[in-house]
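Student: A predicted structure for the sequence below; I have some questions about it.
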Amino acid sequence: MAKCKKCRKPIKAVNERYGFCSDCQCGKNLGRGKCRKEAGKCGIVSHMSNLKIHHAPKKIKNQLTCKKCGKTIGNVNRIYGFCSTCQCGKDMGSGKCRKEAGKCGVKAHTSGYKSSHNSKKTGKKKAAKKRTCIACENAGHGPMDCGTPRNKSGRLESGSVVSHEGHPSEWRLSLCKCPGNGWINHWRSVSGSRQKKCAEKSCSENANDGAHVRIKGRKGIFIIPLCTSHNRNWQQKRGTEFEVKATTWVSANPHRSCRL
């Protein structure tokens, strides 16, 4: 027969699974029966008839406590680290401030004010980064607003040095209002020139392409007439310099040259 763990008296069959005899048990009401744990060591603060409590409550895995007061944090506040009492709680316009009260770092919590708690408030606004135009290489505007060159066409002297260049995506051919197709027709329409030969100094082929180039010593992107070989040959990489004979250039910006 089993014996009581405390007084070592024989235990009745009804109490064998508890380990304590009736005299050594707590015996207080649990609301669903008597407490069968050792008297004085059951760990239960109160034994009210309507109170249901486990002697050994299960521990919640990864249970968090408030960083300030140490109280257990409810599920809604687990990601913030502070209980509802220790949070700021002021209106941020898109919800309540969940940072520690008095240390959230936000000067104002008006409904129209939105701020990041992690950003430092220096009182100075960062200067907006100025855009640099890839056509004229000046800051403060983009290719759509570029006014370089000021004229829509001009003359190139014989022996002038130019280099191959691409054109900004904003200056696509579909914006050109000149009759015909291709950049060569844009060049002919804007320049009014009757030149038929390639502008490369030593070439005598027909000019079938309007080539995008940069002129040495000037800003902007221009179009001059070139043959297919000197314009589309894979050896003619961007930046490759070559001399030209006397010819006419036109602005490669269809926003200015086609609509002036």
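Tutor: Done, it's in.
Student: so the closest residue to residue 141 other than its chain neighbours versus residue 151, what's the distance?
Tutor: Using CB to CB, 6 or more residues apart in numbering and skipping residues adjacent in sequence, the residue nearest residue 141 is residue 133, 5.5 Å away. Placement of C-beta: from N, CA and C, glycine included. Residue 133 sits 18 Å away from residue 151, going by CB to CB, to the nearest Å.
Student: same check on residue 9?
Tutor: Residue 9 sits 117 Å away from residue 151, going by CB to CB.
Student: before we move on, what about residue 90?
Tutor: Residue 90 sits 61 Å away from residue 151, going by CB to CB.
Student: neighbour count for those two, which is higher?
Tutor: Ranked by neighbour count (other CB atoms under 10 Å), residue 90 and residue 151 place residue 90 first, with 14 against 11.
Student: returning to what we had before: ok, how many other residues are close to the residue nearest to residue 141?
Tutor: Per other CB under 10 Å, the neighbour tally for residue 133 reads 20.
Student: check residue 181 too.
Tutor: For residue 181, using other CB under 10 Å, the count is 10.
Student: residue 190 versus that one, what's the distance?
Tutor: 15 Å.
Student: pLDDT weak spots in the stretch 101-250 of the chain?
Tutor: Applying pLDDT under 70 to the stretch 101-250 of the chain picks out residues 105-130, 233-236.
Student: so where do the helices sit in it?
Tutor: Secondary structure of the stretch 101-250 of the chain (DSSP state H, counting those that start in this stretch): helices located at 183-191, 228-232.
Student: quick one, grab the pLDDT at the closest residue to residue 151 other than its chain neighbours.
Tutor: The shortest distance from residue 151 to any non-neighbouring residue, by CB to CB, 6+ apart, is to residue 251 (7.4 Å). On the pLDDT scale, residue 251 is placed at 90.
Student: go on, residue 54?
Tutor: For residue 54, the pLDDT comes out at 49.
Student: can you check residue 12 too?
Tutor: We have a pLDDT of 78 for residue 12.
Student: got a list of what it touches?
Tutor: Neighbouring residues of residue 12 by CB atoms under 8 Å, 6 or more residues apart in numbering: 21, 22.
Student: could you count how many residues lie near the residue nearest to residue 144 when sequence neighbours are not counted?
Tutor: Sequence neighbours aside, residue 170 is the residue nearest to residue 144 in space, at 5.1 Å (criterion: CB to CB, 6+ apart). When neighbours are defined as other CB under 10 Å, residue 170 has 16 of them.
Student: on that earlier part again, who's in contact with the residue nearest to residue 141?
Tutor: By CB under 8 Å, 6+ apart, the residues touching residue 133 are 139, 140, 141, 142, 143, 145, 146, 148.
Student: among those residues, name the ones in strands.
Tutor: Judged by DSSP state E, strands contain none of the contacts of residue 133.
Student: among those residues, which ones are buried?
Tutor: 141, 143, 146, 148 (16 or more other CB atoms under 10 Å).
Student: the second one contacts residue 172, correct?
Tutor: Same thing as residue 143. No - taking contacts as CB atoms under 8 Å, residue 143 lies outside contact range of residue 172: 10.6 Å.
Student: how about stretch 152-168: buried residues?
Tutor: Residues of stretch 152-168 classed as buried: 152, 153, 156, 160, 162, 164, 165, 167, 168 (neighbour count, 16+ other CB under 10 Å).
Student: turn the residues you listed into JSON lines, including distance to residue 70.
Tutor: Below are those laid out as JSON lines (distance: CB to CB, whole Å):
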{"residue": "152", "distance to residue 70": "76"}
{"residue": "153", "distance to residue 70": "80"}
{"residue": "156", "distance to residue 70": "81"}
{"residue": "160", "distance to residue 70": "81"}
{"residue": "162", "distance to residue 70": "76"}
{"residue": "164", "distance to residue 70": "71"}
{"residue": "165", "distance to residue 70": "68"}
{"residue": "167", "distance to residue 70": "66"}
{"residue": "168", "distance to residue 70": "61"}
